[in-house]
Structure formats: structure tokens, C-alpha cells
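K.L.:
How does the following fold in three dimensions:
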Amino acid sequence: MAAYDLIAPVGSFDKWPDGMRAEMEANRDSPIVGSMLVSETERIRVWHLLVPAGQRCSFHCHVLDYFWTCHTHGRARGYYEDGSITETVHYPGDTMHNSYGVGERLVHSVENIGATDLLFTTVEYMQSANAPLPVPDAVRQKASA
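P.N.:
Prediction:
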């Protein structure tokens, strides 16, 4: 598992780019934890998240227990709802497990600060302490014709 380096402590919203805090507030309850929901059953949701070099994914909310695995090398900066900022180096196979108790959640955004695209798979467990947030059809993988 990659180590996260804290580069700005809790309350460091003044170090965030302009407009980012408003984006976070607008997406505080966003269930879109990836670029595309590729599979869903009564037990799991499987997401792919592609963050191109120099880009950032939108803020989103985790309420379910989950894990992610990175498939590529790269560098990322994380922005968290408490105002903190982290940086980390990811590598293929880098994996992290997270779990949340009743009422707990994580709101964050991931920025790719490296020169290569970052690709992750995230698996959410539907039977977690919190109810799953409803996912809009727009992010569900469509069957090819």
C-alpha cells in the first residue's frame, strides 16, 4: 500500500484551487466513486476510475465498505472534506481497504499530478453499515450493440 504524505493539515482550504470548495459542497452526496460503474449485484458494485495525467476526478462520497486497486504507476494529490491535502505515489497492485461505521463517510477528490494516467478499480460492498447511495444510470456501463 502506498504511503500518503500529508502536505496540508485539516482546515487548509486556503491552499485549495479557486472554486474547489464550492465543487465539494455541490458533490457532498455524490455516489459516483468512479468513471464508470461496470458491474453491480446485490452484494457488490465494481467501478473503473480513470484520472488522466493533469486531471482530477469530481468530489464524491464513500459510505460503503470498499477497496480500490491501482493498475498503473503515477502520482496523486487527494483533497478531503476536512480541508486536508495528501500526496502519494501509486504503483500497479497498490490496494487499500476502507470501512465505515453507521453514519460515517468520506468525501474527497483525486488529482493526477503525475505524467501518466491513473487507472483504478474500486469494489464497494453493498452489505455495509450504511445504505448504498443511489447511482444514476448515466454512469452505468452500457451494453455494446
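K.L.:
where do the helices sit along the chain?
P.N.:
For the chain, the helices defined by DSSP state H occupy 20-26.
K.L.:
Skip the chain neighbours and tell me the closest residue to the residue nearest to the spatial centre of it.
P.N.:
Central residue of the chain (C-alpha atoms, centre = their mean): residue 33, 5.1 Å from the mean position. Leaving out its chain neighbours, the residue that sits closest to residue 33 by C-beta to C-beta, 6 or more residues apart in numbering is residue 60, at 5.0 Å. Quick note: C-beta positions are derived from backbone N, CA and C, even for glycine.
K.L.:
Roughly how far does the one you found sit from residue 52?
P.N.:
17 Å (C-beta to C-beta, to the nearest Å).
K.L.:
residues contacting residue 119?
P.N.:
48-51, 70-72 (C-beta atoms under 8 Å, 6 or more residues apart in numbering).
K.L.:
please redo it, this time with the cut-off set to 6 Å
P.N.:
The contact partners of residue 119, by C-beta atoms under 6 Å, 6 or more residues apart in numbering, come to 50, 71-72.
K.L.:
just residue 48 next, same as before
P.N.:
Contacts of residue 48 (C-beta under 6 Å, 6+ apart): 34-36, 38.
K.L.:
Report the separation between residue 65 and residue 128.
P.N.:
4 Å.
K.L.:
ugh, wrong one, residue 13
P.N.:
In terms of C-beta to C-beta, residue 13 sits 29 Å off from residue 128.
K.L.:
Just want to know which of the two has more residues nearby.
P.N.:
Neighbours were counted for residue 13 and for residue 128 using other C-beta atoms under 10 Å; residue 128 has more, 18 against 15.
K.L.:
Now for the closest residue in space to residue 93 that isn't next to it in sequence, how many residues are close by?
P.N.:
Nearest residue to residue 93 in three dimensions, chain neighbours excluded: residue 69, at 6.8 Å (C-beta to C-beta, 6+ apart). Neighbourhood size, residue 69 [other C-beta under 10 Å]: 15.
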